[in-house]
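1. What follows is a predicted structure for the sequence shown.
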Amino acid sequence: MKRNVGLDEISDGKLYSANDMVKAGCGDCVGCHACCCGMGDSILLDPYDVYRLTTQLGKRFEELLTESVELGVVDGLVLPHLKMTGPQERCFYLNEEGRCAIHPHRPGICRLFPLGRYYENGSFQYFLQTGECKKQKRTKVKVGKWIDTPDLTENERFVTTWHYFLKDLEETLKQGDDALAKNLNLYLLNRFYLTSYDAERPFYRQFADRMRRVEGELGLG
């Protein structure tokens with residue numbers, strides 16, 4: 001989710017690459033799950049998140065929508081996000097022990113926290129959010145190790161492609177055509193979320209195939 005604030009307001013003022021060391025280590029979050037509560041609609045799910053959840057949980061996206069995922073509007077685009085439940089607004093997947101029940105296949109935003117991404121010139125770098133994590137005396141850890149995602153270089157390419165693709169769609173929606181917005185959002189949901197992913201095929205290959213088709217159909221290529 002975008003934040004319209006300066007880096008000096010929310011970070012240590014530095015930008016990091018995947019190979020840099022950053023003070024994000026929190027001792028496995030023992031005794032704390034503050035970042036799993038009260039997050040509203042901010043835990044957005046990209047196609048890779050949905051691939052992980054559907055293939056690892058053995059559920060279709062439509063099933064997730066009936067229990068753990070909701071749709072919301074972000075800059076005119078209808079996108080899925082994790083559901084918060086109960087008076088404490090706990091993440092649906094936070095168990096009674098205060099631990100993540102889907103930790104091995106948790107969404108990218110959860111893997112990233114308390115880091116964020118700073119997009120510029122068709123790419124991005126990481127930054128450390130200094131006021132978000134409640135854990136004190138965090139330790140240094142390599143950014144790539146902290147994110148804990150296989151094929152991180154390929155993942156970074158995917159994240160960049162998805163971000164700027166959505167940015168292009170946002171510009172299209174600024175035309176203010178309600179019918180266009182409705183059709184485009186339905187198309188986006190069908191192509192990247194509702195159409196099931198094959199657990200036996202690498203995600204990035206499937207995403208690239210879908211993106212080529214979408215760019216051709218929308219004239220974005």
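-> All right, it came through fine.
2. For this structure, which segments count as strands?
-> Using DSSP state E, the strands of the chain run over 21-25, 69-74, 77-82, 84-85, 90-91, 115-120, 123-128, 139-142.
3. what about these, which gets the closest to residue 105?
-> strand 77-82 (12.5 Å; C-beta to C-beta). C-betas here are computed from N, CA, C, even on glycine.
4. Who are the packing partners of that closest one?
-> On a contact count with 3 or more C-beta pairs under 8 Å, 6 or more residues apart in numbering; DSSP states H and E, strand 77-82 meets helix 61-65, strand 69-74, helix 152-173, helix 178-189.
5. What lies in contact with the third one?
-> Contacts of helix 152-173 with the rest of the structure, by C-beta atoms under 8 Å, 6 or more residues apart in numbering, involve 18, 46-48, 75-77, 108, 117, 119, 122-124, 144, 149, 180-181, 184, 188, 204, 207, 211, 220.
6. Show the buried residues in those.
-> 18, 46-48, 76-77, 108, 117, 124, 144, 149, 181, 184, 188, 204, 207, 211 (16 or more other C-beta atoms under 10 Å).
7. closest to residue 98 out of the strands of the chain?
-> It's strand 90-91; of these, that one is closest to residue 98 (C-beta to C-beta) at 8.9 Å.
8. average model confidence for that closest one?
-> Mean pLDDT, strand 90-91: 98.
9. Nothing else from me, thank you.
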